[in-house]
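Colleague: Provided below are the primary sequence and the corresponding predicted coordinates.
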Amino acid sequence: MASYGVIILAAALDYLIGDPINMTHPVQIMGWVISFLGKLAVKYCHYPVTQRLAGVFLGTILVVGSGAIAQLIVYIAQFGHPFLGIVTQTILLASCFAGKSLRNAATAVLQPLEQGDLSIARSTLSNYVGRDTENLTAPEILRAILETVTENATDGVMAPLFYAILGALLPGVEPVTLAMAYKASSTLDSMIGYKHAPYTYLGWFSARSEDILTWLPCRLHVITLGIIASKPLEVWQMCRRDAIKDPSPNSGWSECSYAAILAVQVGGVNWYRGMEKHKPLLGDPIVPITSQSIYQALQLTRYSFLLWLGVAALLLIVLNK
């Protein structure tokens, strides 16, 4: 149960502290590597086939390398002292969870919004979303926050936990190994997994890999949310109705499940660098999105996270891990 203890400690560390300010985060290091290798690939690979191959190389190296390096660091720390190994893995694993960061980001936008300061709310929101925020109304800001919180609940919180638990179940693997590998895949997707130049071909492998790795934890999270809300069939049916319209095989499901539970609707028109983009409507607009809706979404994520921790404990006990 040592591995499970590490997961619990990491979860507690993320809940209490989150990502410390002014400290280099593993995702930052991944970002530097992706940026450097991505620029090299764009510079020297001029054909679709060579860019695709470069994308496969970049994605494989970063995902496998991130997991392997994390496990190596833990083994070195364990060699020094078992307690040092636990502390090291706890800190690394906590960096894979974004629960505290999501809540802090939402609160940072909601506070000026609730005080009626749209200018500061828009400016703060621009730090967390890719859409244009300069002209957003208060309801549009609330929708943007809710969409961000519910989309990232899967790839920023639940999927890393899923892979940490899987790492604890597999012999010879540490929880941080698979969690950090998944985090690398997610970072690759967010940086180069675009369908437009210059990453049209370079990023296809990263985007597709992240979709595949997130598929199962996303569906499990949707089911878990439905169980927590005592309406699993209704949530699943609404996702089957609306989420399949979203071009992403996962973000639509994640957002739609929360929309179904909260009785709100997300999606609609967004603007990116002056270009209008329509996102499919997810859920029914039974009630308007409010600050309370966002806090409820954050709480639902926390309940799902805790439920998974409980299920993981039972699995590890049954398997005598």
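Modeller: Structure received. Numbering: from 1, shown residues only.
Colleague: what about residue 141, how many neighbours?
Modeller: Using other CB atoms under 10 Å, residue 141 is surrounded by 22 other residues. C-beta here means a position set from N, CA and C on the backbone, and glycine is covered the same way.
Colleague: scratch that, residue 82 is what I was asking about
Modeller: With other CB under 10 Å as criterion, residue 82 counts 11.
Colleague: quick one, what contacts it?
Modeller: Residue 82 makes contact with no residue under the criterion CB atoms under 8 Å, 6 or more residues apart in numbering.
Colleague: separation between it and residue 180?
Modeller: 20 Å (CB to CB, to the nearest Å).
Colleague: Please apply the same query to residue 230.
Modeller: Residue 230 is 35 Å from residue 180, by CB to CB.
Colleague: Okay, now the unreliable bits of this protein?
Modeller: Residues of the chain meeting the criterion pLDDT under 70: 1, 20-22, 195, 321.
Colleague: now the strands for it?
Modeller: With DSSP state E applied, the chain shows strands at 266-272, 275-282, listed in chain order.
Colleague: quick one, which of the ones you listed is nearest to residue 191?
Modeller: Closest to residue 191 of these is strand 266-272 (CB to CB; 16.2 Å).
Colleague: List the contacts of the closest one.
Modeller: Outside strand 266-272, the residues that touch it by CB under 8 Å, 6+ apart are 130-132, 135, 143, 146-147, 150, 246, 255-256, 259, 276-283, 289.
Colleague: quick one: strands adjacent to that strand?
Modeller: Strand 266-272 pairs in its sheet with strand 275-282 (antiparallel), by DSSP bridges.
Colleague: Alpha carbons only: can I get the partner strand in PDB?
Modeller: Taking Å, rounded to 0.1, in the frame of the first residue of the first chain, the C-alpha atoms of strand 275-282 are listed here in PDB:
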ATOM      1  CA  MET A 275     -12.200  34.800 -36.000                       C
ATOM      2  CA  GLU A 276     -15.700  33.500 -35.100                       C
ATOM      3  CA  LYS A 277     -16.000  29.900 -34.100                       C
ATOM      4  CA  HIS A 278     -19.100  28.000 -33.200                       C
ATOM      5  CA  LYS A 279     -19.000  25.300 -30.500                       C
ATOM      6  CA  PRO A 280     -21.800  22.800 -30.300                       C
ATOM      7  CA  LEU A 281     -24.400  23.500 -27.600                       C
ATOM      8  CA  LEU A 282     -24.100  21.100 -24.700                       C
END
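Colleague: The residue lying closest to residue 112 once chain neighbours are set aside and residue 130: what is the separation?
Modeller: Nearest residue to residue 112 in three dimensions, chain neighbours excluded: residue 120, at 3.9 Å (CB to CB, 6 or more residues apart in numbering). For residue 120, the distance to residue 130 equals 19 Å [CB to CB].
Colleague: Who has more neighbours out of these two?
Modeller: Per other CB under 10 Å, whichever of residue 120 and residue 130 has more neighbours is residue 120, with 15 against 11.
Colleague: Distance from the chain centre to stretch 111-127, please.
Modeller: Offset of stretch 111-127 from its chain centre (CA atoms, centre = their mean, to the nearest Å): 23 Å.
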